[in-house]
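Q: kindly generate the corresponding structure for this input.
(chains A and B)
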Protein chains: 2
Amino acid sequence: MTKQTIRVELTSTKKPKPDPNQLSFGRVFTDHMFVMDYAADKGWYDPRIIPYQPFSMDPAAMVYHYGQTVFEGLKAYVSEDGHVLLFRPDKNMERLNLSNDRLCIPQIDEEQVLEGLKQLVAIDKDWIPNAEGTSLYIRPFIIATEPFLGVAASHTYKLFIILSPVGSYYKEGIKPVKIAVESEFVRAVKGGTGNAKTAGNYASSLKAQQVAEEKGFSQVLWLDGIEKKYIEEVGSMNIFFKINGEIVTPMLNGSILEGITRNSVIALLKHWGLPVSERKITIDEVIQAHKDGILEEAFGTGTAAVISPVGELIWQDETLSINNGETGEIAKKLYDTITGIQKGAVADEFGWTTEVAALTESK
Amino acid sequence: MTKQTIRVELTSTKKPKPDPNQLSFGRVFTDHMFVMDYAADKGWYDPRIIPYQPFSMDPAAMVYHYGQTVFEGLKAYVSEDGHVLLFRPDKNMERLNLSNDRLCIPQIDEEQVLEGLKQLVAIDKDWIPNAEGTSLYIRPFIIATEPFLGVAASHTYKLFIILSPVGSYYKEGIKPVKIAVESEFVRAVKGGTGNAKTAGNYASSLKAQQVAEEKGFSQVLWLDGIEKKYIEEVGSMNIFFKINGEIVTPMLNGSILEGITRNSVIALLKHWGLPVSERKITIDEVIQAHKDGILEEAFGTGTAAVISPVGELIWQDETLSINNGETGEIAKKLYDTITGIQKGAVADEFGWTTEVAALTESK
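A: Residues are numbered from 1 along each chain as shown, chains lettered A, B, ... in the order given. This is a model prediction of the structure:
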């Protein structure tokens, strides 16, 4: 594939930046975005960085009707010495293509899109907040645009990358949350789209999430759709348990998303010489471990929250307090290490960070 | 709820209408569309009929990321004496609200939206084709529009109704198709969104459909996601089998869409005094019935194709020919009766049709 030049059109009216100490998640967007189009006879074409703006679509565009869309999420950070860092962005590009395959969306040139992403972040680097727990959230996504009501793969697509300065996913930073075990709704099933990062999985999760919130819980713990006993994910994160010294996470099975934070956590735990297993784990095993006093920690992992400790698990009428409702030692160490590597404060022994630009020239 | 007046803005440049004998499905749209907005503090507001046109959205609009969207499909027909008829549109409005509930989308006022739909069809009535097998396909849909990247229900929505003059779903009219039994991919599972008309179910089906088409089959027969043995749907239709005189369709179970054509077929079969059962049916029962020579017919039912006979069923390496690959007697009678009622040519004993307008004033 010949390298396509990325066209750049800068905004003439920069928007005011939000107070870095007042940031929430995903509500404010930067000055620019990356866009690229696809047509069956041209392939991906016209990669460009343009001012962030609404765009026009036909009401019959297939994404509105049949949900043919995929996305990714990653973050950029500024190090103390003013370098802009990305965390494992190659893994996001790789996973985007896995999702594309499942959703019948044409493959992207991973290097080209990553190059566009880096240029975009470099252009909007002054938007990266530097208060504790903040970062620049990066959302690449692809949507089907053909105006056609037949159920089939679209012949045209748009790929976007948009950027949002974000605070901690949970306002209080790392803080244990209450999780309810979901017994009615199912997020995904083997043979479905659970291991792809696509809209339908999230649409399907809204109802359970809403019911849980009404009862005062933060998220739900998803069980498998077949036997309703194996643990899959928590909210839109992967889940880990520490039971009698062993750290366990559900093995990938086709319906669990292969999280990049999950992968990083496993690598770190192994590096630290701690016992970590990817295996099937039932809700009964977790309940029994709690009864036996050996359920030592539980935490979710994901790009948005990084590490999210579980302080209470609600199962039927029982409330299980985990580690006295406090952040566990492993969760804390993982959070500090991963966010430290992401911000360049902890040595990056795995080569996970990629430098995009230095802030100096514009300071 | 106070009745809201529907604002009407007619187009000044009418588009040319397509040749009614050359129509395909869902590619051409009429001159106008119905639109209505929702905001958490206003409810549904500003119902309007405006020229069909692209519309502008923020790239962060939630529908692109988390697939919070629902839709419906129904048709308008012109009777021989020039009356515009809808087929059971109240059922579509009812189902739209069931889908809304599952997808955490606010309920619509069914009467109000139906009124908007009727006015729209009346305005664009000259677009209703009258060649054999043609009709005006009506697509109501709702999308989440809030620009927000958190996984939660949107606070703003848009409802659209768009219209497309369509030919037969299959070019040859009613004609038996080849169906492959799907053994890898799963469309939906109990606890998921299979019984809601939402984008994710269709996104999830594309891959299986694509693989089937490459092998020369029209559609796939979906088995349940749990035991992979119970028959659920065919493509995006419900499925019926005639086995030794009994007509069987899978019972509704939470993962099967409650089709309006399915419901009409059951009512007609009962009316005709034929034995019809809604029950669980395994693929093994169908295979065995074929071996025993008592698999007499198989057909799909749905708004787009009405009745779609299955001529061949491909199961692993076997090809089962059904009724010598020809349209069965029941399938034909159902097709003739339902399309006859829809076009006002057959007496409507069930009160299924609703008149929208007469064509006369504009002829």
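Q: just give the number of residues close to the residue of chain A found nearest chain B.
A: Relative to chain B, the nearest point of chain A is residue A:200 (2.2 Å; C-beta to the nearest C-beta). Backbone N, C-alpha and C define where each C-beta goes, glycine included. Counted with other C-beta atoms under 10 Å in any protein chain shown, the neighbours of residue A:200 add up to 30.
Q: just the CA atoms of stretch A:120-129, as PDB, please.
A: The C-alpha trace of stretch A:120-129 is given here as PDB (Å, rounded to 0.1, in the frame of the first residue of the first chain):
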ATOM      1  CA  LEU A 120      -3.600  14.600  15.700                       C
ATOM      2  CA  VAL A 121      -2.400  14.200  19.300                       C
ATOM      3  CA  ALA A 122       0.700  16.300  18.500                       C
ATOM      4  CA  ILE A 123      -1.500  19.100  17.000                       C
ATOM      5  CA  ASP A 124      -3.900  19.100  20.000                       C
ATOM      6  CA  LYS A 125      -1.200  18.400  22.600                       C
ATOM      7  CA  ASP A 126      -2.000  21.600  24.600                       C
ATOM      8  CA  TRP A 127      -5.300  19.900  25.400                       C
ATOM      9  CA  ILE A 128      -3.700  17.200  27.400                       C
ATOM     10  CA  PRO A 129      -4.500  18.000  31.000                       C
END
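Q: is that stretch positioned near chain B?
A: No - judged by C-beta under 8 Å from any C-beta of the partner chain, stretch A:120-129 makes no contact with chain B; its nearest approach is 12.6 Å.
Q: quick one: distance of that stretch to the chain centre.
A: Centre-to-centre, stretch A:120-129 and its host chain are 19 Å apart (C-alpha atoms, centre = their mean, to the nearest Å).
Q: any idea which element the residue of chain A closest to chain B lies in?
A: Element membership of residue A:200, judged by DSSP states H and E, is helix A:199-214.
Q: OK, contacts around the residue of chain A closest to chain B?
A: Shown in contact with residue A:200 (C-beta atoms under 8 Å, 6 or more residues apart in numbering or on different chains): A:67, A:193, B:67, B:193, B:198, B:199, B:200, B:201, B:203, B:204.
Q: swap in residue A:249?
A: Taking C-beta under 8 Å, 6+ apart as the test, what residue A:249 contacts is A:238, A:239, A:240, A:241, A:262, A:265, A:266, A:276, A:277, A:278, A:281.
Q: and the contacts of residue A:200, which is closest to residue A:292?
A: Lowest distance from residue A:292 to these (C-beta to C-beta) belongs to residue A:193, with 36.7 Å.
Q: number of residues surrounding the closest one?
A: 30.
Q: wouldn't it be in contact with residue A:203 here?
A: No - using C-beta atoms under 8 Å, residue A:193 is not in contact with residue A:203; the gap is 10.8 Å.
Q: is it true that residue A:62 touches residue A:146?
A: Yes - the criterion here is C-beta under 8 Å, and residue A:62 meets it with residue A:146 at 5.3 Å.
Q: who has more neighbours, the two?
A: Using other C-beta under 10 Å as the criterion, residue A:62 and residue A:146 rank with residue A:62 on top: 30 against 21.
Q: chain neighbours aside, what residue packs nearest to that one?
A: Nearest residue to residue A:62, sequence neighbours excluded (C-beta to C-beta, 6 or more residues apart in numbering or on different chains): residue A:144, at 4.0 Å.
Q: one step back: quick one: which of the contacts of residue A:200 is nearest to residue A:333?
A: Residue A:333 has its nearest neighbour among these in residue A:193, at 33.7 Å by C-beta to C-beta.
Q: would you list the contacts of residue A:249 in JSON lines and tack on secondary structure, distance to residue A:323 and neighbour count?
A: Conversion of the contacts of residue A:249 to JSON lines gives the following (DSSP: H, G, I helix; E, B strand; the rest coil; distance: C-beta to C-beta, whole Å; neighbours: other C-beta atoms under 10 Å in any protein chain shown):
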{"residue": "A:238", "secondary structure": "strand", "distance to residue A:323": "19", "neighbour count": "24"}
{"residue": "A:239", "secondary structure": "strand", "distance to residue A:323": "15", "neighbour count": "28"}
{"residue": "A:240", "secondary structure": "strand", "distance to residue A:323": "13", "neighbour count": "27"}
{"residue": "A:241", "secondary structure": "strand", "distance to residue A:323": "11", "neighbour count": "23"}
{"residue": "A:262", "secondary structure": "helix", "distance to residue A:323": "20", "neighbour count": "23"}
{"residue": "A:265", "secondary structure": "helix", "distance to residue A:323": "17", "neighbour count": "26"}
{"residue": "A:266", "secondary structure": "helix", "distance to residue A:323": "21", "neighbour count": "19"}
{"residue": "A:276", "secondary structure": "strand", "distance to residue A:323": "18", "neighbour count": "19"}
{"residue": "A:277", "secondary structure": "strand", "distance to residue A:323": "20", "neighbour count": "14"}
{"residue": "A:278", "secondary structure": "strand", "distance to residue A:323": "22", "neighbour count": "14"}
{"residue": "A:281", "secondary structure": "coil", "distance to residue A:323": "18", "neighbour count": "22"}
